[in-house]
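Participant: Sequence and computational prediction follow.
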Amino acid sequence: MTYDRLVCANCAAPVNEGRCPVCRASRARLQQEQEQGMFAGLNPAMLVALLVVLLGALALLAHQGV
């Protein structure tokens, strides 16, 4: 989620402008979440599904003898 379209419930201004302490705290939290990495936004079920798909692809490659 990006903060460029969020509106602060405290001051009714866009969060990305950071007019009040609540906006600035939300903006900092969202920036930190975006910087955590590529898999930070995935929930555990999605990570397990991704792992199953990768293991399936690896097993298929091993079966074909590549």
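Facilitator: Received it, and whenever you're ready, just let me know what you need.

Participant: Which helix runs longest in the protein?
Facilitator: helix 44-64 (DSSP state H).

Participant: helices or strands next to it in the packing?
Facilitator: Contact partners of helix 44-64 among helices and strands, from 3 or more CB pairs under 8 Å, 6 or more residues apart in numbering; DSSP states H and E: none. In this view, the C-beta of every residue, glycine as well, is placed from N, C-alpha and C.

Participant: And that helix, how far out from the chain middle?
Facilitator: 22 Å (CA atoms, centre = their mean, to the nearest Å).

Participant: next one: stretch 21-32
Facilitator: For stretch 21-32, the distance to the chain centre is 15 Å (CA atoms, centre = their mean).

Participant: pLDDT score for residue 19?
Facilitator: The model reports residue 19 with a pLDDT of 88.

Participant: Give the closest residue to residue 9 in space, chain neighbours not counted.
Facilitator: residue 22 (7.6 Å; CB to CB, 6 or more residues apart in numbering).

Participant: who's in contact with the one you found?
Facilitator: Residue 22 makes contact with 8-11 under the criterion CB atoms under 8 Å, 6 or more residues apart in numbering.

Participant: need those residues in CSV with neighbour count, can you?
Facilitator: Formatted as CSV, the contacts of residue 22 follow (neighbours: other CB atoms under 10 Å):
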residue, neighbour count
8, 20
9, 10
10, 14
11, 15
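
Participant: Out of these, which comes closest to residue 32?
Facilitator: residue 8 (17.7 Å; CB to CB).

Participant: my guess is that closest one contacts residue 16, does it?
Facilitator: No - using CB atoms under 8 Å, residue 8 is not in contact with residue 16, being 9.9 Å away.
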